[in-house]
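Chemist: got a predicted model here, sequence first, then my questions.
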Amino acid sequence: MRSRLALFPIIVLLASCADDSNLPPMVSAGSSDNGRAEALFAEAQSAENAGKTKKAVKLYDEIADKIALSQKAPEARFRQAKLLDQMGETEDAFDAYQAVISRYQGSGLYREAFDRQREMAFSAADGGIKSSFLGLKSNLPSKKIIEMLQKVAANAPRSATAAKAAYKIGDIYASDGKISESVEAFRKVVIDYSNYPEAPEAQFRIGEVLLTEAREGNQDQANLDRAEEAFRDYLSQWPGHRRNAQARKLLSSIGGRDIQNTFDIAKFYEKKGDTPSAVLYYKEVVRRAKSGDLHDKAQARLSALGGN
């Protein structure tokens, strides 16, 4: 049974996050009913040491939920998260770590919770989350993984972690065949994280995703045009980037595909008996393809149709 985590309003105070720009600002928590919290914490530890993990999780949750301002609350929530993590309860563990991050930012466990939550989100995005007991890959749905990545990015806005999370969101959408969502996510990376390494990669992926869709999906000429524009923007903004040669090669293939489309249109009009239109498109092929198979075929058809 999934643990219920209570969310409390964050008391925002001005603070710094030491020298780690990946971490959100820290705040302090108050205290309340420490005696009761100490007793329940001791009982939870005893249950944990005896191997009664579910009981321990329940007791830790009770402390963090009902005695949220006690001195033991941050550690209790963190211990709950750790145990859930070890049990392979990925979603509940992630949410418990999130509670530590958002509610107990003054705790010494804050950084560890943040780091582990980040690892979980990226591991889930890469398909690497496994059950501690069965060694099986988790079947977390893409929607949940995207939500995890969005929380990680929100916990460290404008950071390298946020840039990486935003890029992975685009990657997941692309893998799921959600072209519009993928392009939108990658564009967000380019706009919001232009100074990070993910930005040129995202711009390249926009072109790649659109080109793949045009070739394997609906054969939409508009996607070919958008892909060409994306690659040209990439080459213009990031000359010398590691994917420049690949982008130029793909641009060349787009041009070749466009000429093939023009040739196919000419054949279509020729079959319909619309000779003037066919001649017009064959001439366009000859003009754009200075040599090669399509050039020769178009030239031959022009000669046959008297279009020279």
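Modeler: Here it is on my side, so go on. Residues are numbered from 1 along each chain as shown.
Chemist: show me where the protein has its strands.
Modeler: Secondary structure of the chain by DSSP state E: no strands are present.
Chemist: how does it divide into domains?
Modeler: Listed domain ranges for the chain are 1-145, 158-242, 262-308 (source: automatic domain parsing).
Chemist: what stretches of the chain score poorly on pLDDT?
Modeler: The model of the chain has pLDDT under 70 over residues 1-32, 128-138, 217-220.
Chemist: redo that, cut-off 50
Modeler: Counting by pLDDT under 50, the ranges of the chain that qualify are 1-19, 25-31, 132-134, 136.
Chemist: centroid-nearest residue for it?
Modeler: The residue lying closest to the centre of the chain (C-alpha atoms, centre = their mean) is residue 169, at 1.5 Å.
Chemist: check contacts around that residue.
Modeler: 146, 149, 150, 185 (C-beta atoms under 8 Å, 6 or more residues apart in numbering). Every residue, glycine included, has its C-beta placed from N, CA and C.
Chemist: for it, which non-adjacent residue is closest in space?
Modeler: Distances taken as C-beta to C-beta, 6 or more residues apart in numbering place residue 185 nearest to residue 169, at 4.8 Å, with adjacent residues excluded.
Chemist: any idea how far residue 125 is from the one you found?
Modeler: 12 Å (C-beta to C-beta, to the nearest Å).
Chemist: which residue ranges form the helices in the stretch 201-308 of the chain?
Modeler: Per DSSP state H, counting those that start in this stretch, the stretch 201-308 of the chain carries helices over the ranges 221-237, 244-272, 275-288, 293-305.
Chemist: closest to residue 91 out of these?
Modeler: The closest of these to residue 91 is helix 221-237. By C-beta to C-beta, the value is 35.0 Å.
Chemist: burial measure for residue 244, as a count.
Modeler: 16 (other C-beta atoms under 10 Å).
Chemist: ok, the residue nearest to it when sequence neighbours are not counted - contacts?
Modeler: Sequence neighbours aside, residue 235 is the residue nearest to residue 244 in space, at 6.2 Å (criterion: C-beta to C-beta, 6+ apart). Residues in contact with residue 235 (C-beta under 8 Å, 6+ apart) are 244, 247, 248, 251.
Chemist: burial measure for residue 86, as a count.
Modeler: Neighbour count of residue 86, defined by other C-beta under 10 Å: 12.
Chemist: distance of it relative to residue 296?
Modeler: According to C-beta to C-beta, residue 86 stands 68 Å off from residue 296.
Chemist: same check on residue 248?
Modeler: Counting by C-beta to C-beta, the separation of residue 248 from residue 296 is 25 Å.
Chemist: does the residue nearest to residue 169 touch residue 173 like I think?
Modeler: Yes. With contact defined as C-beta atoms under 8 Å, residue 185 reaches residue 173; the gap is 5.6 Å.
Chemist: can you tell me which of the contacts of residue 235 are buried?
Modeler: 244, 247, 251 (16 or more other C-beta atoms under 10 Å).
Chemist: turn the residues you listed into CSV, including distance to residue 99.
Modeler: Shown next, in CSV, are these (distance: C-beta to C-beta, whole Å):
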residue, distance to residue 99
244, 45
247, 44
251, 48
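Chemist: which one of the residues you listed is nearest to residue 274?
Modeler: Distance to residue 274 across the buried ones among the contacts of residue 235 (C-beta to C-beta) is lowest for residue 251, with 31.8 Å.
Chemist: skip the chain neighbours and tell me the closest residue to the closest one.
Modeler: Nearest non-adjacent residue to residue 251 (C-beta to C-beta, 6+ apart): residue 231, at 5.0 Å.
Chemist: doesn't residue 253 make contact with the one you found?
Modeler: No. With contacts counted by C-beta under 8 Å, residue 231 stays clear of residue 253, the gap being 10.3 Å.
Chemist: of those two, who's got more company?
Modeler: Neighbours per residue (other C-beta under 10 Å) separate residue 231 from residue 253, with residue 231 holding more: 26 against 13.
Chemist: give the contact list for that one.
Modeler: Counted by C-beta under 8 Å, 6+ apart, residue 231 has contacts 204, 207, 247, 250, 251, 254.
Chemist: do you know how far the fourth one is from residue 151?
Modeler: Counting by C-beta to C-beta, the separation of residue 250 from residue 151 is 34 Å.
Chemist: sorry, back to before: reformat the contacts of residue 231 as TSV; add distance to residue 179.
Modeler: Below are these laid out as TSV (distance: C-beta to C-beta, whole Å):
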residue	distance to residue 179
204	16
207	12
247	19
250	16
251	19
254	16
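Chemist: neighbour count: residue 185 and residue 173, which is higher?
Modeler: Using other C-beta under 10 Å, the more surrounded residue of residue 185 and residue 173 is residue 185, with 24 against 21.
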